[in-house]
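K.L.:
The sequence and its predicted three-dimensional model are supplied below.
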Amino acid sequence: MHATSTMLAARVRGWRDFRTGPAMAGQRPNPAALRAEARLLTIAGLMLLGAGFPVTLFMVAMALGSGSDSPFVPVAIGAPPIMLGYLACHFASQRMVKAKAVEAGSC
């Protein structure tokens with residue numbers, strides 16, 4: 001019983017030390033690095049959108065043409081790559097705005 005309580009006390013002490021430890025050193029983001037991340041995110045987003053839209057439209061057309069399947073199943077299958085592509089492009093634009101703000105000195 002004593003070993004369990006000391007192990008628990010050590011874990012609690014470790015957690016407390018982690019919470020009150022010094023904060024991470026804040027470094028200002030580099031505008032060039034932010035632009036490089038934005039470029040990478042844009043390329044990934046456009047690839048996902050470029051593959052997601054045509055494949056989804058093709059699968060929906062096949063489902064509507066056959067008349068046996070619901071067109072909502074292909075849309076549900078194609079929605080995740082389209083949403084990921086959109087989110088990647090959204091975060092890329094946020095990175096570009098942040099890079100511009102860092103260059104202007106307002107961030």
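P.N.:
Now that the structure is in, tell me what you want to look at. Since the model is a prediction, treat every value here as computed from it, not as a measurement.

K.L.:
Report the separation between the nearest residue to P81 once chain neighbours are set aside and A99.
P.N.:
Of all residues beyond its chain neighbours, the one nearest P81 is G52 (3.6 Å), with distances taken as Cβ to Cβ, 6 or more residues apart in numbering. (C-beta placed from N, C-alpha, C; glycine too.) From G52 over to A99 the distance is 27 Å, taken as Cβ to Cβ, to the nearest Å.

K.L.:
How about L48?
P.N.:
For L48, the distance to A99 under the criterion Cβ to Cβ works out to 22 Å.

K.L.:
about what we covered before: what number of residues lie near the residue nearest to P81?
P.N.:
Applying the criterion other Cβ atoms under 10 Å, we find 20 residues in the vicinity of G52.

K.L.:
Look at it and tell me its secondary structure.
P.N.:
Here G52 is recorded as helix under DSSP: H, G, I helix; E, B strand; the rest coil.

K.L.:
G67 versus that one, what's the distance?
P.N.:
To G67, G52 is 25 Å away according to Cβ to Cβ.

K.L.:
just P54 next, same as before
P.N.:
As defined by Cβ to Cβ, P54 lies at a distance of 22 Å from G67.

K.L.:
out of the two, which sits in the more crowded spot?
P.N.:
Neighbour tally, P54 and G67, criterion other Cβ under 10 Å: the higher count belongs to P54, 11 against 6.

K.L.:
quick one, helices of the chain?
P.N.:
2-20, 31-66, 72-104 (DSSP state H).

K.L.:
Now render those helices as a markdown table, adding mean pLDDT.
P.N.:
Putting these into a markdown table (pLDDT from 0 to 100) gives the following:
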| stretch | mean pLDDT |
| --- | --- |
| helix 2-20 | 64 |
| helix 31-66 | 94 |
| helix 72-104 | 94 |
